[in-house]
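Participant: need a 3D model of the sequence below.
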Amino acid sequence: MFQEIWQLIQGMQSPVDPAKAVLALGFSLLASIVTYLLYQWFYGSRNVGAGVHRTFLIGGPAITALFLGIQVSIPLSLGLLGALSFVRFRTPVKDPAEIGFLLLLIASSIGAATNNFLVTGLLFLVVILCLGVNWLVRKRFSPFNRGQLMLSIERDAWPDIESSLRSYLKEKLGAIRLDTMSLMDDRVSLNYLYRRREGYDWAEFSSGLARLAGDRKIDMFIS
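Facilitator: Okay, the predicted model is just below:
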């Protein structure tokens with residue numbers, strides 16, 4: 001029985017060189033880990049995304065294996081769109097920064113599948129340099145020291161408290177700017193940008209916000 005199984009394994013042929021496949025998948029896994037760590041270090045603390053980073057560790061090798069498979073067959077390559085069409089994000093991407101990390105993951109996976117290891121390594125060096133410079137600039141220069149305040153309010157209550165809410169935010173946070181506004185599931189979502197201040201009393205701010213809302217519910221998130 002074992003001899004028959006061994007003969008079956010020996011009879012299996014793959015157009016992809018096993019050594020090449022192991023090297024590509026290993027490099028892709030390493031790139032996925034680096035992408036995951038970069039996300040957590042530079043972006044994960046905001047915790048306002050859709051959680052796409054949870055797919056990085058298996059997504060990178062999976063994309064590499066997909067491209068390794070379609071390289072050897074034109075019909076398979078033509079079916080690539082169909083193979084990916086089943087992927088749907090139930091939670092929409094909430095921040096454009098997540099798209100950058102997704103593109104980095106896909107680019108590194110394709111680079112591993114096509115043996116472009118040097119180009120992929122240079123890509124990571126450029127990304128790390130850009131993210132590092134952006135982090136230093138945000139830390140050292142106050143004009144870039146911006147935070148995000150996200151508020152979710154019932155749609156029916158929004159017209160009644162819009163004016164008083166705007167005055168309260170301006171009074172408590174000073175220079176504040178409405179960045180995005182969306183309507184979903186009968187709730188109005190507001191995303192403000194504000195100037196961070198050390199030691200700010202957010203407990204007092206949230207208490208005042210609750211008094212302003214009265215019996216209406218306002219969900220708040222800050223970063």
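Participant: mind checking pLDDT for the residue nearest to the spatial centre of the chain?
Facilitator: Nearest to the mean C-alpha position of the chain, counting by CA atoms, centre = their mean, stands residue 98 at 2.9 Å. The model reports residue 98 with a pLDDT of 80.
Participant: buried residues in the regular element (helix or strand) spanning it?
Facilitator: If you go by DSSP states H and E, residue 98 is part of helix 96-113. With burial defined by 16 or more other CB atoms under 10 Å, the residues of helix 96-113 counted as buried are 97-98, 101-102, 104-105, 107-113. Where you see a C-beta, it was placed from the backbone N, CA and C, and this is true even at glycine.
Participant: could you do stretch 209-223 as well?
Facilitator: 209, 213, 218, 222.
Participant: now, which of these sits nearest residue 186?
Facilitator: residue 218 (14.2 Å; CB to CB).
Participant: low-confidence regions, the chain specifically.
Facilitator: Along the chain, segments meeting pLDDT under 70 span 1-16, 44-51, 72-95, 138-145.
Participant: look up how far residue 148 lies from residue 195.
Facilitator: Applying CB to CB, to the nearest Å, the value for residue 195 to residue 148 is 12 Å.
Participant: okay, these two: which has more neighbours?
Facilitator: Neighbour count, other CB atoms under 10 Å: between residue 195 and residue 148, residue 148 has more, with 17 against 14.
Participant: what's the one helix or strand that one maps to packed up against?
Facilitator: In this structure, residue 148 sits in strand 146-154 according to DSSP H and E. Applying 3 or more CB pairs under 8 Å, 6 or more residues apart in numbering; DSSP states H and E, one finds that strand 146-154 contacts helix 158-173, strand 187-195, strand 218-222.
Participant: try it again with 6 Å
Facilitator: strand 187-195, strand 218-222 (3 or more CB pairs under 6 Å, 6 or more residues apart in numbering; DSSP states H and E).
Participant: so the spatially closest residue to residue 64 that is not a sequence neighbour is in which element?
Facilitator: Spatial nearest neighbour of residue 64, excluding adjacent residues (CB to CB, 6 or more residues apart in numbering): residue 28 at 3.9 Å. Using DSSP H and E, the element containing residue 28 is helix 18-42.
Participant: about what we covered before: can I get the buried residues of stretch 209-223 in CSV with distance to residue 185?
Facilitator: Shown next, in CSV, are the buried residues of stretch 209-223 (distance: CB to CB, whole Å):
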residue, distance to residue 185
209, 21
213, 18
218, 15
222, 22
